[in-house]
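Trainee: the sequence and its predicted three-dimensional model are supplied below.
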Amino acid sequence: MSLKIKVLAALALIAVAAFIAFAPALRAGFTNWDDDQLVVDNPAIRGFRGENLRAVFGYAFCGTYIPLTLLSFAVDYQRSGLKPAGFHFTNILFHVLNALLVFGLIFMLTRNPGVALGAGILFAVHPLRAESVAWITERKDVLFAFFYLLALISYIRYARKPSWIFYILSFVSFLLAGLAKGAALSLPLILFLTDWFLGRQNQARRIWEKIPFLAAAVVFGLLAVLAQRTLLSAQIPILKRFFTANWVAAFYLAKTVVPIRLSALYPYPANFPATLPMLFLLAPLATAGLAFFAGYSLPFTKKFVYGLLFFLVTLLPVSQLITVAGPEIAANRYTYLPLAGIFYILAEGFCFLFGRRLIPAAWKKLLVAAAAVAIVCLTFTARQRAQTWRDSISLWTDVLRNNPLVPEAYNNRGAVYAGLRQYDRALADYDRALAIDPDFSRALNNRGAAFQRIGDFEKARADFDRAVGLDPKNADVYYNRGNLYMAMEDYKSAIRDYTAAVELNPLHREARNNRGNAYCRAGDYDSGLADYDFILSGNPGYAEAYHNRAVAYFLKKDYDRAWQDVKKLRALGYPVKPDFLNDLRQMSGRDQ
């Protein structure tokens, strides 16, 4: 069989395996873990007008600066609206492409199709990929990895046969990777590592050609820090971060080899960082063991060192050596690109054993059979993990099955129950979350909203007031308390809270819309109309604002403009209340 046929067959096998592993995600929906903020309720992805682009490039979303990822969501929205299958298909497509690029990268480095196939197939089907592929929000993982791998492949082509076309392609791909996710900033270090692996000699040139990459990496790092400035966790002493980072790396390696009890959220241990578990203190020994083996192998081959350093360097931005915001100490999605280095080592090890003449042919057949069984088991587990993301209740119930002391999981599942108007279940989950963490401001905020829905305004206000005290930078807390004041007909207080929400999040259209309603109920129609106009200037399809503006025009006796908004509502297919239409017909003296 010719090399070309082998390569094409390997590519086809990897693509099919990647799709089979994560096809269940096509039947999944959106979750309430950032999918709502980034996609479902995000007006910035509703088009490509100037105001959309200004929002995409001018703001951080969910503590991350990811404009290219948001633009990809906008493309999906234009193609299929808010049908989740369209978004999931794009994630799967990029994962398939990434698995093929991993094959291409390893093949370019080794010229060994067997090694490239092993690394590519592991990347394609390993269940640790599920979070990045099946979770719509993690489009940033599959998208940044695509351009990251493309940048590295283009650079290797440039390094072996210098051509400015491939250098420019590598740099542009790096910029796109950074705009998809800030973790791309590790690429310059990987380029230096790849120079060493390829044996490039011109040291001065190697340094000079990295300067644009290093400068861009600094910018991406600054953007990432600025984006997370409101989410940064409490600072942890450097020595404790060192032990934690070693444990995190060992944790990911263990999950790679034995992918059991996988979870969407791995919480911090109790009393962290005041006290560290014994495993954290022992973790540097595992790192030292890897370092010893790397040093031992170096006189014979660079392969182990290259794969290990690829893993560690690409993991560095999310290793907890630099504090990462969020409720989890580790996350499967953080391994999406780094594990390509480990998969390369495993593939090299397999091919080394298979090529040994001293190993009997029967044992080699057994080795191949074991590898095939392992791939099938990984694929089956990946499909199971993808099914976990079918909806929010399934997701958070799975988290709690693995660890019943995760307050975020109770809070998020409670929010789903509240959306289904199952307030008894919602309040039970919020109570469990607050029993674990009494200062959990988001659970207080959500419980307050549930209390408001069932008419217990005093308990609602108590929860909102405490949530504001704990988290005064959270726009949603002010928004929900503003809704409570609206229900209590305290319009002055409602306007104050809605204004606070808008100042904290200028894209919070619901807060601005409700502030317009509060102004109108207080008799200040001009201020209300100003809010509706502002919303519709950036969101011309937001029917509720048209409806509210039509009512405001009616109350101002500006019937012509009220009828104009009614026409727009009808064009959008929004049902206009019959009572309002009858009043408008009667007062305007006409029908339209």
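Mentor: Great, that's in hand.

Trainee: count of neighbours near the closest residue in space to residue 574 that isn't next to it in sequence?
Mentor: Counting by CB to CB, 6 or more residues apart in numbering, residue 543 is the residue found nearest to residue 574 once chain neighbours are left out, at 3.8 Å. Glycine gets a C-beta too; all of them are placed from N, C-alpha and C. By other CB atoms under 10 Å, the residues close to residue 543 number 19.

Trainee: just the buried residues of the helix or strand hosting residue 289, please?
Mentor: Counting by DSSP states H and E, the element that carries residue 289 is helix 278-297. Of all the residues in helix 278-297, those buried under the rule 16 or more other CB atoms under 10 Å are 280, 283-284, 286-287, 290, 294.

Trainee: what's the answer for stretch 471-486, then?
Mentor: Within stretch 471-486, the residues that count as buried by 16+ other CB under 10 Å are 471, 474-486.

Trainee: out of these, who's nearest residue 461?
Mentor: Residue 461 lies nearest to residue 484 out of the buried residues of stretch 471-486, by CB to CB, at 6.1 Å.

Trainee: shouldn't that closest one be in contact with residue 460?
Mentor: Yes. If you go by CB atoms under 8 Å, residue 484 and residue 460 touch, sitting 5.3 Å apart.

Trainee: joint contacts of those two?
Mentor: Residues touching both residue 484 and residue 460 by CB atoms under 8 Å, 6 or more residues apart in numbering: 448, 452.

Trainee: hmm, back to that, could you dump the buried residues of helix 278-297 into CSV with distance to residue 524 and pLDDT added?
Mentor: Below are the buried residues of helix 278-297 laid out as CSV (distance: CB to CB, whole Å; pLDDT from 0 to 100):
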residue, distance to residue 524, pLDDT
280, 57, 92
283, 61, 94
284, 63, 94
286, 65, 94
287, 63, 93
290, 66, 94
294, 69, 93
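
Trainee: pick the one among these closest to residue 212.
Mentor: Looking across the buried residues of helix 278-297 and measuring by CB to CB, the closest to residue 212 is residue 294, at 30.2 Å.

Trainee: surely that closest one touches residue 306?
Mentor: No. In this structure, residue 294 is not within contact of residue 306 by CB under 8 Å, at 9.7 Å.

Trainee: return the distance of stretch 340-353 from the chain's centre.
Mentor: Stretch 340-353 sits 29 Å away from the centroid of its parent chain (CA atoms, centre = their mean, to the nearest Å).

Trainee: over to stretch 17-25?
Mentor: Here stretch 17-25 is found 19 Å from its chain centre; the criterion is CA atoms, centre = their mean.

Trainee: buried ones in it?
Mentor: For stretch 17-25, using 16+ other CB under 10 Å, the buried residues are 17-19, 21-22, 24-25.

Trainee: residue 329 in helix, strand or coil?
Mentor: Using DSSP: H, G, I helix; E, B strand; the rest coil, the secondary structure recorded for residue 329 is strand.

Trainee: quick check: closest non-adjacent residue to it.
Mentor: Nearest non-adjacent residue to residue 329 (CB to CB, 6+ apart): residue 268, at 4.7 Å.

Trainee: any idea how far residue 34 is from that neighbour?
Mentor: Noted for residue 268: a distance of 20 Å to residue 34, by CB to CB, to the nearest Å.

Trainee: same check on residue 45?
Mentor: Taking CB to CB, one finds residue 45 at 13 Å from residue 34.

Trainee: ok, now residue 359?
Mentor: Note on residue 359: its distance to residue 34, by CB to CB, is 49 Å.

Trainee: how far away is the residue nearest to residue 329 from residue 33?
Mentor: Relative to residue 33, residue 268 is positioned 18 Å away (criterion: CB to CB).

Trainee: swap in residue 143?
Mentor: 18 Å.

Trainee: go on, residue 134?
Mentor: Residue 134 sits 12 Å away from residue 33, going by CB to CB.

Trainee: same check on residue 515?
Mentor: Distance from residue 515 to residue 33, counting by CB to CB: 28 Å.

Trainee: okay, these two: which has more neighbours?
Mentor: Counted by other CB under 10 Å, residue 515 and residue 33 do not tie: residue 515 has more neighbours, with 28 against 23.

Trainee: and residue 1, what pLDDT?
Mentor: Looking at residue 1, its pLDDT reads 69.

Trainee: and the next helix or strand past the helix or strand encompassing residue 378?
Mentor: Under the criterion of DSSP H and E, residue 378 resides in helix 361-388. Using DSSP H and E, the helix or strand that directly follows helix 361-388 along the chain is helix 392-402.

Trainee: check which helices and strands that following helix is in contact with.
Mentor: Helices and strands touching helix 392-402, by 3 or more CB pairs under 8 Å, 6 or more residues apart in numbering; DSSP states H and E, are helix 361-388, helix 407-419.

Trainee: the shortest one: how far from the chain's middle?
Mentor: Looking back up the chat, that one is helix 407-419. Distance of helix 407-419 from its chain centroid, counting by CA atoms, centre = their mean, is 19 Å.

Trainee: now do the first one
Mentor: Once both centres are worked out by CA atoms, centre = their mean, helix 361-388 turns out to sit 28 Å from its chain's centre.

Trainee: give me the helices and strands touching it, please.
Mentor: Using 3+ CB pairs under 8 Å, 6+ apart: helix 361-388 touches helix 3-22, helix 113-125, helix 130-134, helix 339-355, helix 392-402.

Trainee: tell me the buried residues in that helix?
Mentor: Neighbour count says helix 361-388 has 371, 375, 378-379, 381-383, 385-388 buried, by 16+ other CB under 10 Å.

Trainee: closest to residue 89 out of those residues?
Mentor: For the buried residues of helix 361-388, the minimum distance to residue 89 (CB to CB) is 13.0 Å, reached by residue 386.

Trainee: report the contact partners of the closest one.
Mentor: By CB under 8 Å, 6+ apart, the contact set of residue 386 is 21-25, 28, 130, 133-134.

Trainee: redo that, cut-off 7 Å
Mentor: Going by CB atoms under 7 Å, 6 or more residues apart in numbering, residue 386 touches 22, 24-25, 130, 133-134.

Trainee: among these, which two are most distant?
Mentor: Longest distance between any two of the contacts of residue 386 is 10.2 Å, between 24 and 133; criterion CB to CB.

Trainee: pLDDT weak spots in the stretch 151-300 of the chain?
Mentor: Applying pLDDT under 70 to the stretch 151-300 of the chain picks out residues 229-234.

Trainee: using CSV, write down the CA coordinates of the least confident helix or strand in the chain by mean pLDDT.
Mentor: Within the chain, no helix or strand scores below helix 203-208, which has a mean of 83 by mean pLDDT, DSSP states H and E. What follows is helix 203-208, C-alpha atoms only, in CSV (Å, rounded to 0.1, in the frame of the first residue of the first chain):
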residue,chain,number,x,y,z
GLN,A,203,19.6,31.0,16.7
ALA,A,204,19.4,34.7,15.9
ARG,A,205,16.9,34.2,13.1
ARG,A,206,14.8,31.9,15.4
ILE,A,207,14.6,34.7,17.9
TRP,A,208,13.8,37.5,15.6
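
Trainee: so after it, what's the next helix or strand?
Mentor: Heading C-terminal from helix 203-208 (DSSP H and E), you reach helix 211-227.

Trainee: now that following helix: buried residues?
Mentor: Neighbour counts over helix 211-227 (16+ other CB under 10 Å) mark 212-213, 216-217, 220-221, 223-224, 227 as buried.

Trainee: now the following helix or strand past that helix: how far from the chain's centre is it?
Mentor: For helix 211-227, the following helix or strand on the C-terminal side (DSSP H and E) is helix 238-257. From the chain centre to the centre of helix 238-257 is a distance of 21 Å (CA atoms, centre = their mean).

Trainee: now do helix 238-257 and helix 113-125, the angle between them.
Mentor: Here helix 238-257 points in a direction 100 degrees away from that of helix 113-125 (axes from the mean of the first three to the mean of the last three CA atoms, to 10 degrees).

Trainee: direction included, what does the next helix or strand after helix 238-257 pair up with?
Mentor: Per DSSP H and E, the first helix or strand lying C-terminal to helix 238-257 is strand 266-267. With DSSP bridges as the test, strand 266-267 is paired with strand 328-330 (antiparallel).
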